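Asks: Fold the following.
(one chain, ligands or ions: 1)
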Amino acid sequence: MWQCIPVVRRQFPRWKDFGPLLARPPRPSSRRERKLSWDASIWDLRARAQRRAPKAVFDYVDGAAHDEVSLARSRDLFRNLEFQPRVLHDVSNVETSTSLLGAEIAFPFGFAPTGFTRMMHHEGESAVARVAQRTGIPYCLSTMGTTTPEGVAEAAPDADKWFQLYVWSDRAVSQDLADRARDSGFRTLVLTVDLPVGGDRRKDARNGLSIPPNLRIKTIVDMARHPAWWWDLFTTPPLTFASLSSTEGTVADAVDELFDASLNYADLEWLVGYWDGPVVVKGVQTVEDAVRCVDSGAAGVVLSNHGGRQLDRTTVPLRLVHPTREALSDRAAVMVDGGVTNGADIVAAVALGADACLVGRAYLYGLMAGGEDGVQRATDILTADIVRTMQLLGVTTLKELNPDMVRVP
Ligand SMILES: Cc1cc2nc3c(=O)[nH]c(=O)nc-3n(C[C@H](O)[C@H](O)[C@H](O)COP(=O)(O)O)c2cc1C
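Replies: So this is what the prediction gives:
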């Protein structure tokens, strides 16, 4: 039997039907913000950063040590994990805040310490600290920073400010730096311990990345391709380490020359006694060391291989989260970093037992892509992703997250 199929009747296009499709969404206030609003992921910001910054600068951020295996493995482990969501739970209201080292933070992540930040964009550390203040997350200034502790304190007086310390062969210098940080309102001291000597950063060596930037023929050609970056460099205060005495050569050369390779647990115990607030040890890579750091007085550890920039092919820090939490229970804060490129990564780390993640390159790509607006964009991407991932997992608070929700291959 043949059936008569009704034919859709066409009509003449009417303005009232397609007019609304042409309505403009609210416009961001500046051209820079408008461009950044097209970037939907950290990878989009990375691509914009690569176009904007000179090659040596981009490679300094993007690269890692040796064959860059650690960095790739950290990102792969996040990519390959499996979530196991719960369904039919009311997730209309989600609460992302948590307590970390005695302070309330709005999301379970903070900005990791990164050296030479004004090289990525002249707005540098102050811009990053301001975004941290607005978002309600911690900001950690590096010893290798290009803005002083006093400068960061002025830019973001109400941010939860942490100071990352490398220990000098000349201990008086470290002590003086810690004093300046404390006097500027920095609450937490982060002792980085995975850098007894500089890692083998091959891209920096090939690019001749040095302090200050070296004007070779290659550099001058690069200037022509990135005029805005060079204009910013020459029209703002000179790019130097704000807390280091003058040094020359690559970043690794500076590390080898200045920092103390004999640093040990007795130094940690001394520092815990010296500093008024919490001391966190960053760069811990075994459960045994995490326990020993806490036994020595640390209030927390950051499981980290320096974003793959030091010893290559160490254990992926995310793998250490669950066993470290089991070993430490509630005795100390457990943080993790390396390879975080979206908010779902942060949620996964918290589910496995971390109190929070630190992110490094994710905000630096934003900074290179568009200064403070770029850091804000990176942060908005991460925070929106945290909320969405929690809703899709069927939880409304961070406490409800648990290791059963994440399968790590
Ligand atoms: C450009 C750059 C500079 C860094 N400088 C420092 C530093 O001065 N002190 C430190 O403890 N860690 C430093 N790190 C490591 C970060 O604090 C963090 O451990 C790492 O970036 C985390 O990995 P991710 O970039 O994949 O998020 C640096 C990382 C990058 C990318």
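
Asks: Could you list the contact residues of the stretch 151-300 of the chain toward the ligand?
Replies: For the stretch 151-300 of the chain, the residues in contact with the ligand (C-beta under 6 Å from any ligand atom) are 164, 192, 282. To be clear about C-beta, it is placed using only N, CA and C from the backbone, and glycine gets the same treatment.

Asks: quick one: the last one is in a strand?
Replies: Think residue 282. Yes - counting by DSSP: H, G, I helix; E, B strand; the rest coil, residue 282 is located in a strand.

Asks: ok, what's across the strand from it?
Replies: residue 192, residue 302 (DSSP bridges).

Asks: so what's it up against?
Replies: Applying C-beta atoms under 8 Å, 6 or more residues apart in numbering, we find residue 282 in contact with 113, 164, 190-194, 301-302, 304, 358.

Asks: try the second one
Replies: Shown in contact with residue 192 (C-beta under 8 Å, 6+ apart): 113, 143, 164-166, 282-283, 306.

Asks: repeat that with 7 Å
Replies: 164, 166, 282-283 (C-beta atoms under 7 Å, 6 or more residues apart in numbering).

Asks: re the thing from before, looking at the residues of the stretch 151-300 of the chain next to the ligand, spot the one nearest the ligand.
Replies: Checking these against the ligand by C-beta to the nearest ligand atom gives residue 192 as the nearest, at 3.6 Å.

Asks: quick one: pLDDT of the closest one?
Replies: According to the prediction, residue 192 has pLDDT 97.

Asks: what about the strands in the protein?
Replies: 82-83, 98-100, 103-105, 109-111, 139-141, 161-165, 188-192, 279-284, 300-303, 333-337, 356-359, 406-407 (DSSP state E).

Asks: one step back: need the residues of the stretch 151-300 of the chain next to the ligand in TSV (columns: distance to residue 343).
Replies: Putting those into TSV (distance: C-beta to C-beta, whole Å) gives the following:
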residue	distance to residue 343
164	24
192	25
282	22
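
Asks: What's the nearest residue in the stretch 201-350 of the chain when you look at the ligand?
Replies: residue 307 (2.8 Å).

Asks: In this structure that residue contacts residue 359, no?
Replies: No - applying C-beta atoms under 7 Å, one finds residue 307 not in contact with residue 359, separated by 9.7 Å.

Asks: which residues do these two both contact?
Replies: Common contact partners of residue 307 and residue 359 (C-beta under 7 Å, 6+ apart): residue 337.

Asks: The two: who's more crowded?
Replies: Between residue 307 and residue 359, counted using other C-beta atoms under 10 Å, residue 359 has the larger neighbour count: 27 against 24.

Asks: What's opposite the more buried one in the beta bridge?
Replies: residue 111.

Asks: Mind listing what's buried along stretch 178-194?
Replies: 178, 180-182, 184-194 (16 or more other C-beta atoms under 10 Å).

Asks: Can you pull out the low-pLDDT segments for the stretch 251-400 of the chain?
Replies: 251 (pLDDT under 70).

Asks: how about a cut-off of 90?
Replies: Residues of the stretch 251-400 of the chain meeting the criterion pLDDT under 90: 251-261.

Asks: In it, mark out all the helices, start to finish.
Replies: 251-258, 265-274, 287-295, 317-328, 343-352, 361-393 (DSSP state H, counting those that start in this stretch).

Asks: Which elements pack onto the fourth one?
Replies: When you say that, I think you mean helix 317-328. helix 69-80, helix 287-295, strand 300-303, strand 333-337, helix 343-352 (3 or more C-beta pairs under 7 Å, 6 or more residues apart in numbering; DSSP states H and E).

Asks: Just the residues contacting that helix, thanks.
Replies: Taking C-beta under 7 Å, 6+ apart as the rule, helix 317-328 contacts 74, 77-78, 287, 290-291, 294, 303-305, 334, 336-338, 349, 352-354, 403, 408.

Asks: Let's see if you can find the most crowded of the contacts of residue 192.
Replies: Counting neighbours by other C-beta under 10 Å, the top entry in the contacts of residue 192 is residue 282, with 27 neighbours.

Asks: wait, what's in contact with the closest residue to residue 408 other than its chain neighbours?
Replies: Closest residue to residue 408 apart from its sequence neighbours, by C-beta to C-beta, 6 or more residues apart in numbering: residue 81 at 5.2 Å. Listed by C-beta under 7 Å, 6+ apart, the contact set of residue 81 reads 348, 406-409.

Asks: Can you report how many residues neighbour the closest residue to residue 134 other than its chain neighbours?
Replies: In space, and not counting its chain neighbours, residue 134 is closest to residue 376: 7.5 Å by C-beta to C-beta, 6+ apart. Residues near residue 376, counting by other C-beta under 10 Å, number 21.

Asks: The ligand contacts on the stretch 1-150 of the chain?
Replies: So the stretch 1-150 of the chain meets the ligand at 60-61, 112-115, 142, 144 (C-beta under 6 Å from any ligand atom).

Asks: ChimeraX command to pick out the buried ones of the residues you listed?
Replies: Buried members of these, defined by 16+ other C-beta under 10 Å, are picked up in ChimeraX with:
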select :60,61,112,113,114,115,142,144
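
Asks: before we move on, back to that, what separates the residue nearest to residue 408 from residue 288, distance-wise?
Replies: 25 Å (C-beta to C-beta, to the nearest Å).

Asks: Which single residue of the stretch 251-400 of the chain approaches the ligand most closely?
Replies: Closest to the ligand within the stretch 251-400 of the chain is residue 360: 2.2 Å, counting by C-beta to the nearest ligand atom.

Asks: can you tell me which residues contact that residue?
Replies: Residue 360 is in contact with 112, 114, 307, 337, counting by C-beta under 7 Å, 6+ apart.

Asks: partner residues bridging the last one?
Replies: Just to be clear, that refers to residue 337. Residue 337 has these beta-bridge partners by DSSP bridges: residue 358.

Asks: need the contact list for it.
Replies: With C-beta under 7 Å, 6+ apart, residue 337 has these contacts: 112, 302, 304, 307, 317, 357-360.

Asks: And those, which is closest to residue 94?
Replies: residue 357 (17.6 Å; C-beta to C-beta).

Asks: For stretch 304-317, buried residues please.
Replies: Buried, per 16+ other C-beta under 10 Å, within stretch 304-317: 304-312, 314, 316-317.

Asks: Next: stretch 291-301.
Replies: 291-294, 296-301.

Asks: what would those residues look like in JSON lines with distance to residue 148?
Replies: Formatted as JSON lines, the buried residues of stretch 291-301 follow (distance: C-beta to C-beta, whole Å):
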{"residue": "291", "distance to residue 148": "35"}
{"residue": "292", "distance to residue 148": "33"}
{"residue": "293", "distance to residue 148": "28"}
{"residue": "294", "distance to residue 148": "31"}
{"residue": "296", "distance to residue 148": "29"}
{"residue": "297", "distance to residue 148": "28"}
{"residue": "298", "distance to residue 148": "26"}
{"residue": "299", "distance to residue 148": "25"}
{"residue": "300", "distance to residue 148": "25"}
{"residue": "301", "distance to residue 148": "27"}
